[in-house]
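Engineer: curious how this folds, go ahead:
(one chain, ligands or ions: 1)
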Amino acid sequence: MGKTFIISNRLPVKIERKKNKLVVTRSEGGLATGLGSFYREDGSWWLGWPGIIPKNTEEEEFIRRELHSLNLIPVFLTQEDIKGYYEGFSNAVLWPLCHYRPSFVDFNEAYWNSYLNVSNKFAEEALKHLDSDTNIWIHDYQLMVLPELLRKQDQSFTIGYFHHIPFPPEELFKMLPWRNQLLKGLLGADLIGFHTFEDTQNFLNSCSNNLRMEAHYNNLKCNGRRIFVEAFPMGIDYEKFKNAALSPQVIQKAQEVKEYYRNQKIILSVDRLDYSKGIIERLRSLERLLTSHPEMIGKIVLYMLIVPSRDQVSAYKKLRNDIDQLVGNINAVYGRPGWSPVAYFYQSIPSEELSALYVAADVCLVNSIRDGMNLVAKEYIASKQIDKRGVLLLSEFTGASKELTDAVLINPHDSIKVSASLYHALNMPAKEQKERIQACQHIVEKFHVYHWVKLFMEKLQETKHLQRKELAR
Ligand code: GDG
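Structural biologist: Numbers count the residues shown, from 1 in each chain. Next up, the predicted model:
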């Protein structure tokens, strides 16, 4: 397949300062796992921000050396870059717009300039390492203009781009003053991937309406170069979650969780702090359930794990306060001595503990307002190995809902129906639980993350092959 060069905003590592020493550890995110299988082979590399600002050139050199031994290349960002490119344009412009929340967008020209500036930094560093037979795979909305910046340097580059979040309808996307630059930026790639068919259509519509380009089914021509736009629904490392769920340590931990909440059914939710995840709506639905079914008082618990994220962006600060208030209010109003309806944790936990929660939970509630895919839903399904019991409540606005059609699908805006579905899930017969879990498992097992990587890379090769044939004609 040749060498692969992955580029993403963050490198798959965590660098921490411990007693004045820098400690580098690999992170285990879904992307890192899926791509980890091949990026270190055959001289393949991964370029991105290491997540830390070095204090001096010695530290910078140390980080460079440590990462080099892991086939990783750092792009260092300044505090100003983080404010403008990351917290600004990426997370206060693109993120809300792509998640259908235009009222949250901060149309700030300075953010755009910083985004361009950082994209150039990425391009400059990448170009030091690329040659024309490398397969370049760029990830996500933080780097939408990078494909074009690289293409300008070498027309023969093979470039794939994957968008991990939704792509909005053209009427929304067109609100961005920089819409054409962003679209043209992406069109520097040969293959552009999204999680769902709907996202591919939204992107193609934006190209036709804003750039007057004509799409033929799922491809378009840009300066004579044929570009493919396709859906590649991302999977998880099924075996990893399955094996964890069957391991004695996880089983033991799950037992401890169940024992702690004995006589209560556990409703689990796991997400980063984000308004796209429907956290407020979730709490409202729980409130409704407790009001409409007071017999549930003392019998259920919402175990809500929220991983800290982007807390320097104002919309996230506000969300955190709103959650704190609402959880406090629900626990105060409905709680009893020795029982609180919401067990809320604002922290990140080790993956073994997360697996134990998946194993222990009677229900997993994924009620995102918008979500590119949602891997938590798939991880919960993969963890239900022993008795195949558990119910996944899944928002219709996640990419995962297009595949996991045997989950209980919900509209997160309809709190009456969500609370009714919750009630139904909490009382679902074992046989129905098993049937639904098995049907979903079949999908999650088959379309795992390695399959996703393979499909994308094969399509990229095919696209390049076709382009060469067309050029030779
Ligand atoms: C973006 C898109 C798309 C969570 N808490 C802990 C923990 N996690 C892990 C989960 C899961 C991941 O984080 C979250 O992935 P999601 O897919 O649910 O959501 P985003 O972070 O928003 O990801 C999303 C994804 O990209 C991939 O394309 O699906 O739509 O928004 O893997 O397990 N892991 C550990 N401790 C925690 O406390 N160890």
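
Engineer: from what I can see Arg64 touches Val75, true?
Structural biologist: No: applying C-beta atoms under 8 Å, one finds Arg64 not in contact with Val75, separated by 10.9 Å. (Glycine included, C-beta is placed from N, CA and C.)

Engineer: tell me which of these two has more neighbours.
Structural biologist: Val75 (19 against 15; other C-beta atoms under 10 Å).

Engineer: quick check: phi and psi at that one.
Structural biologist: phi -110, psi 120 (degrees, to the nearest 10).

Engineer: once you drop chain neighbours, what's closest to it?
Structural biologist: Glu125 (5.0 Å; C-beta to C-beta, 6 or more residues apart in numbering).

Engineer: can you classify the one you found by secondary structure?
Structural biologist: Using DSSP: H, G, I helix; E, B strand; the rest coil, the structure places Glu125 in helix.

Engineer: what number of residues lie near it?
Structural biologist: 16.

Engineer: residue closest to the middle of the chain?
Structural biologist: His164 (5.8 Å; C-alpha atoms, centre = their mean).

Engineer: so how far is the ligand from that residue?
Structural biologist: 4 Å (C-beta to the nearest ligand atom, to the nearest Å).

Engineer: spell out which helix or strand contains that residue, please.
Structural biologist: Assigned by DSSP states H and E, His164 belongs to no helix or strand.

Engineer: about what we covered before: pull the contacting residues for the residue nearest to Val75.
Structural biologist: Contacts for Glu125 (C-beta atoms under 8 Å, 6 or more residues apart in numbering) come out as 47, 73, 75.

Engineer: do Pro96 as well
Structural biologist: 102-105, 275, 315.

Engineer: so which of those comes closest to the ligand?
Structural biologist: Tyr275 (11.5 Å; C-beta to the nearest ligand atom).

Engineer: spatially nearest residue to that closest one (excluding sequence neighbours)?
Structural biologist: Leu319 (5.3 Å).

Engineer: sorry, back to before: CSV for the contacts of Glu125, including pLDDT and distance to Val363?
Structural biologist: Below are the contacts of Glu125 laid out as CSV (pLDDT from 0 to 100; distance: C-beta to C-beta, whole Å):
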residue, pLDDT, distance to Val363
Leu47, 96, 41
Ile73, 96, 43
Val75, 98, 42
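
Engineer: so which bits of this protein are right by the ligand?
Structural biologist: 30, 164-165, 234, 270, 272, 305, 307, 348-349, 351, 354, 371-376, 379 (C-beta under 6 Å from any ligand atom).

Engineer: which of these fall in strands?
Structural biologist: Among the residues of the chain next to the ligand, the ones falling in strands (DSSP state E) are 270, 272, 305, 307.

Engineer: show me what contacts the third one?
Structural biologist: Contact partners of Leu305, counting by C-beta under 8 Å, 6+ apart, are 268-271, 345, 347, 349, 354, 357.

Engineer: in CSV: these, plus pLDDT.
Structural biologist: Converted to CSV, the contacts of Leu305 look like this (pLDDT from 0 to 100):
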residue, pLDDT
Leu268, 98
Ser269, 98
Val270, 97
Asp271, 94
Phe345, 98
Gln347, 94
Ile349, 94
Leu354, 97
Leu357, 98
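
Engineer: just name the closest of the residues you listed to Pro12, please.
Structural biologist: Leu354 (17.6 Å; C-beta to C-beta).

Engineer: please report phi then psi for the closest residue to Asp190 other than its chain neighbours.
Structural biologist: Nearest non-adjacent residue to Asp190, counting by C-beta to C-beta, 6+ apart: Thr463, 4.8 Å away. When read as degrees, to the nearest 10, the backbone of Thr463 gives phi -60, psi -40.

Engineer: show me what contacts Thr463?
Structural biologist: Thr463 neighbours (C-beta under 8 Å, 6+ apart): 190-191, 226-228.

Engineer: low-confidence ranges in the protein?
Structural biologist: 1-2, 28-30, 33-34, 36-42 (pLDDT under 70).

Engineer: still on that earlier bit, buried ones only from the residues of the chain next to the ligand, please, as a ChimeraX command.
Structural biologist: Filtering those down to the buried ones (16 or more other C-beta atoms under 10 Å) takes a single ChimeraX command:
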select :30,164,165,234,270,305,354,371,372,373,374,375,376,379
